[in-house]
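Colleague: kindly return the folded structure for what I paste below:
(one chain, ligands or ions: 1)
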Amino acid sequence: MSAVYNYAPGPAMLPPAVLEEVRRDLAEPLPVSVLETGHRTDWFDEIAARSQANLRRLLDVPDDYAVLFLPGGARAQYAAVPLNLGAEDADYFNTGHWSVCAMDEAARYTRVHAAAEIADHDGLLTLPPPAQWSNSRRPAYRHYVGNETLTGFAFAADRHLDDGLLVADLTSNFLTAPVDVSRHRVIYAGAQKNAGIAGLAIVIVARETFGAARAETPSLYNYELQDKMDSRFNTPPVFSWYVCDRVLEWTRREGGVREMQRRAAQRAAALYDCIDASALYANPVAPQSRSATNVFFRLRPPQLESRFLREAGDQGLLGLRGHRATGGIRASLYNGMPPQGAAVLAEFMRDFEKRA
Ligand SMILES: Cc1ncc(COP(=O)(O)O)c(C=O)c1O
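Modeller: The predicted model follows:
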């Protein structure tokens, strides 16, 4: 069989060069392996300092923001955000599945207002224009999901809102495009898509929010405390953080976030061009909101989808099944996906359509 490509939504494909480094580091103890080395060693101090510095450089993070590496993935932040920001009211943009998960969790701690909601217009998922967004009177923050991983609906709220109150879940588009950090109170992302493997979330938080946390905020998720403790209040997920450090180094070496953005646009275009030229495939997202990292499509008729998945799998094209909530097909094309990964899939799709 030829090369295998993994289009899974996360955990996802790592850059092959990073995987090679990890293999080498595991095989060469220093003097003990990376799986057995402590988080208060010189070795780990270097990892913590380098990953912090690289992330700051990659996203141009202002000095008055803390960069934290926390356990628990992105979902833990759905609770940590309202708790740390001491929110009584918060506005949430609802662009899909992960927005709803964030709203449901936040509603346990704060009054959640819907700022705008995605809707189906003529078969295309669309967010109402800014003039139709509603704000609550004094929200502690305005939350959005930068990229809805299930449907591939992208939303760069920081292009529209500059009151400094934004909070962003960027889990599935982190490091794939520049973001204006100064417009946000908090940005967070699970590492397992564009920044490493599962078990770690990166949190960028404005230090001016410190002091607002509710008394019941768990110490482990108290941003101010974790900033003071260099994200090592407890034993952090050492191996996940180490892999994240390797991925950040790779991202910097490869040309940084602008280069990642260029590659992502190229990969996504290979698939959207194929979908738009086809009578078999259909993408349900308004063109201006199409994701560069998760390309979702259905087949007409949908009965062909199981054959599509089976034949793709036979050719080494893996992880294409859509989320159980949506069905359909989804190709996740994160930073670790080589350009030929998109080209090979587009080729398969064209060939499948001829035979279908
Ligand atoms: C946009 C988004 N937010 C949050 C999550 C949940 O992340 P975690 O499993 O790290 O909690 C995911 C997982 O796929 C996601 O895609």
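Colleague: neighbours of whichever residue of the stretch 51-200 of the chain sits closest to the ligand, how many?
Modeller: Closest to the ligand within the stretch 51-200 of the chain is residue 73: 2.5 Å, counting by Cβ to the nearest ligand atom. Backbone N, C-alpha and C define where each C-beta goes, glycine included. Neighbourhood size, residue 73 [other Cβ atoms under 10 Å]: 20.
Colleague: what residues does the stretch 101-250 of the chain put near the ligand?
Modeller: Counting by Cβ under 6 Å from any ligand atom, the stretch 101-250 of the chain comes close to the ligand at 145, 149, 169, 171, 172, 190.
Colleague: secondary structure element holding residue 297?
Modeller: For residue 297, the host element (DSSP states H and E) is strand 294-299.
Colleague: contacting residues around the closest residue to residue 52 other than its chain neighbours?
Modeller: Nearest in space to residue 52, with sequence neighbours left out and distances taken as Cβ to Cβ, 6 or more residues apart in numbering, is residue 67 at 5.3 Å. Each residue near residue 67 by Cβ atoms under 8 Å, 6 or more residues apart in numbering is listed here: 52, 55, 56, 61, 202, 203, 204.
Colleague: pretty sure the last one is in a helix, no?
Modeller: No: Residue 204 is assigned strand when assessed by DSSP: H, G, I helix; E, B strand; the rest coil, not a helix.
Colleague: burial count for the nearest residue to it once chain neighbours are set aside?
Modeller: Distances taken as Cβ to Cβ, 6+ apart put residue 187 closest to residue 204, at 4.4 Å, once the chain neighbours are dropped. Residues near residue 187, counting by other Cβ under 10 Å, number 26.
Colleague: likewise the one 3 residues further on?
Modeller: One way to gauge burial is a neighbour count; for residue 190, by other Cβ under 10 Å, it gives 27.
Colleague: hmm, residue 12 and it touching each other?
Modeller: No: using Cβ atoms under 8 Å, residue 190 makes no contact with residue 12, being 10.7 Å away.
Colleague: tell me the spacing between the closest residue to the ligand within the stretch 251-356 of the chain and residue 350.
Modeller: Taking Cβ to the nearest ligand atom, the ligand has its nearest neighbour within the stretch 251-356 of the chain at residue 294, 8.4 Å off. In this structure, residue 294 and residue 350 are 20 Å apart, going by Cβ to Cβ, to the nearest Å.
Colleague: these two: which has the busier surroundings?
Modeller: More crowded of residue 294 and residue 350, by other Cβ under 10 Å: residue 294, with 29 against 14.
Colleague: could you list which residues are in contact with the closest residue to that one other than its chain neighbours?
Modeller: Nearest non-adjacent residue to residue 294, counting by Cβ to Cβ, 6+ apart: residue 152, 4.0 Å away. By Cβ under 8 Å, 6+ apart, the contact set of residue 152 is 283, 285, 290, 291, 293, 294, 295, 296, 330.
Colleague: look at residue 152 and report its pLDDT.
Modeller: Turning to residue 152, the model gives it a pLDDT of 98.
Colleague: packing partners of the strand or helix carrying residue 225?
Modeller: Secondary structure from DSSP H and E places residue 225 in helix 223-228. Helix 223-228 sits against strand 65-71, helix 75-84, strand 200-206, with contacts defined as 3 or more Cβ pairs under 8 Å, 6 or more residues apart in numbering; DSSP states H and E.
Colleague: all helices for the stretch 151-300 of the chain, in order.
Modeller: 223-228, 238-253, 256-276 (DSSP state H, counting those that start in this stretch).
Colleague: pick the most buried one from the ones you listed.
Modeller: helix 238-253 (a mean of 21; mean count of other Cβ atoms under 10 Å).
Colleague: CA atoms of that one as CSV?
Modeller: C-alpha atoms of helix 238-253 as CSV (Å, rounded to 0.1, in the frame of the first residue of the first chain):
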residue,chain,number,x,y,z
VAL,A,238,4.8,16.1,30.9
PHE,A,239,4.8,14.0,27.7
SER,A,240,2.0,16.1,26.0
TRP,A,241,3.8,19.3,26.8
TYR,A,242,7.1,17.9,25.5
VAL,A,243,5.3,16.9,22.2
CYS,A,244,3.7,20.4,22.1
ASP,A,245,7.2,21.9,22.4
ARG,A,246,8.4,19.8,19.5
VAL,A,247,5.4,20.9,17.3
LEU,A,248,5.9,24.6,18.2
GLU,A,249,9.6,24.4,17.3
TRP,A,250,8.6,22.7,14.0
THR,A,251,6.0,25.4,13.3
ARG,A,252,8.6,28.2,13.9
ARG,A,253,11.2,26.4,11.7
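Colleague: for the record, mean pLDDT for that helix?
Modeller: On average, the pLDDT along helix 238-253 is 98.
Colleague: cool, and stretch 62-78?
Modeller: Averaging pLDDT along stretch 62-78 gives 97.
Colleague: same deal with stretch 168-175?
Modeller: Averaging pLDDT along stretch 168-175 yields 98.
Colleague: from the chain's centre, how far out does that stretch sit?
Modeller: Here the centre of stretch 168-175 is set off from its chain's centre by 3 Å, with Cα atoms, centre = their mean, to the nearest Å.
Colleague: distance between the ends of it?
Modeller: Terminal residues of stretch 168-175 are spaced 13 Å apart (Cα to Cα, to the nearest Å).
Colleague: quick thing: my sequence starts at 182, can you match it?
Modeller: Noted, 182 is the first residue going forward, which turns the last one into stretch 349-356.
Colleague: about what we covered before: what sits against the residue of the stretch 432-537 of the chain closest to the ligand?
Modeller: 190, 328, 329, 330, 331, 332, 333, 353, 511, 512, 513, 514.
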